[in-house]
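Visitor: With the input below, show me the fold.
(2 chains)
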There are 2 protein chains.
Amino acid sequence: MVRSGNIFANVPTCLDEEEIAILAQFPGARVERIVSTGQASLPGFWYDQDRTEWVILLAGSAGLLIEGEDAPRILAPGGYLEIPPNVRHRVEWTEADRPTIWLAVHAR
Amino acid sequence: MVRSGNIFANVPTCLDEEEIAILAQFPGARVERIVSTGQASLPGFWYDQDRTEWVILLAGSAGLLIEGEDAPRILAPGGYLEIPPNVRHRVEWTEADRPTIWLAVHAR
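Guide: I've put the predicted structure just below:
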């Protein structure tokens, strides 16, 4: 009835692609864990979402570029961003040596 | 335009009451940081919410009792729970020696 888990459990250390797992879905939002092991967005690719995304980095580190900004924002554990609809962004890099764990809340 | 912060920044170490800060609000969800420094729910008090709450503990530790369960669920960093509407619950304890930091996502 009350679902539970630990976001730091069963973290893969080597992936071909980012791993996305849905932790919760309810009216209004979807909560995901995203694990990256060195992945970045492909050259020229931008995320362009029609809903707000709120994302927090919980382990590792990453550089997130917002379109129009001069340099990626460096995220360390605890760092969060609220990305409004249609603000284009891309992951410039994630750490290669250890998993980077993100928690994303997507408005629905 | 893109709001950002770090959930581990400016954490109070001693509070009379839990501190609740809204980190983000968008259609469908509200994201809060809750800091506890030894607080627990008052004797006999139960949270009883009409919307789903998804909560993850990010620092410290806590015991969360779900009505009808024999013992509190012990939350360590990374531990999360999805509390459906009207599932009564209470915080039996939070750590006294260091801040306990929760991230809560409330469906709206």
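Visitor: Which residue is the nearest non-sequential neighbour of residue A:64?
Guide: Nearest residue to residue A:64, sequence neighbours excluded (CB to CB, 6 or more residues apart in numbering or on different chains): residue A:73, at 5.1 Å. Where you see a C-beta, it was placed from the backbone N, CA and C, and this is true even at glycine.
Visitor: oh sorry, the question was meant for residue A:32
Guide: Using CB to CB, 6+ apart, the closest residue to residue A:32 is residue A:104 (4.6 Å).
Visitor: residue contacts, the one you found?
Guide: Counting by CB atoms under 8 Å, 6 or more residues apart in numbering or on different chains, residue A:104 touches A:31-34, A:53-55.
Visitor: and which of the residues you listed is nearest chain B?
Guide: Nearest to chain B among these: residue A:54, at 4.6 Å, using CB to the nearest CB.
Visitor: can you pull the buried residues of stretch A:64-80?
Guide: A:64-66, A:72-73, A:75, A:77-80 (16 or more other CB atoms under 10 Å in any protein chain shown).
Visitor: Show the end-to-end separation of it, please.
Guide: Start-to-end span of stretch A:64-80 (CA to CA, to the nearest Å) is 11 Å.
Visitor: can you check stretch A:62-82 too?
Guide: 15 Å.
Visitor: ok so, going back, dihedrals phi and psi, the residue nearest to residue A:64?
Guide: phi -80, psi 130 (degrees, to the nearest 10).
Visitor: Let me know whether it touches residue A:66 as I believe.
Guide: Yes - if you go by CB atoms under 8 Å, residue A:73 and residue A:66 touch, sitting 6.8 Å apart.
Visitor: shared neighbours, these two?
Guide: By CB under 8 Å, 6+ apart, the residues touching both residue A:73 and residue A:66 are residue B:2.
Visitor: Residue numbers of chain A in contact with chain B?
Guide: Counting by CB under 8 Å from any CB of the partner chain, the residues of chain A close to chain B are A:1-9, A:23-24, A:26-29, A:31, A:52, A:54, A:56, A:58, A:66, A:73, A:76-84, A:87, A:89, A:103, A:105, A:107-108.
Visitor: what about residue A:21, neighbour count?
Guide: 12 (other CB atoms under 10 Å in any protein chain shown).
Visitor: ok, the closest residue to it other than its chain neighbours to residue A:78 distance?
Guide: In this structure, residue A:21 finds its nearest non-sequential neighbour in residue A:33, 4.8 Å apart by CB to CB, 6+ apart. Remark: distance between residue A:33 and residue A:78 (CB to CB, to the nearest Å) = 16 Å.
Visitor: Determine the three-state secondary structure at the closest residue to residue A:72 other than its chain neighbours.
Guide: Leaving out its chain neighbours, the residue that sits closest to residue A:72 by CB to CB, 6+ apart is residue A:63, at 3.4 Å. Three-state call for residue A:63 (DSSP: H, G, I helix; E, B strand; the rest coil): strand.
Visitor: Residue A:63: what's it in contact with?
Guide: The neighbourhood of residue A:63, defined by CB under 8 Å, 6+ apart, consists of A:72-75, A:91-94.
Visitor: How about the contacts made by the closest residue to chain B within chain A?
Guide: At 2.9 Å from chain B, residue A:28 is the closest residue in chain A, using CB to the nearest CB. Residue A:28 makes contact with A:107-108, B:27-29, B:107-108 under the criterion CB under 8 Å, 6+ apart.
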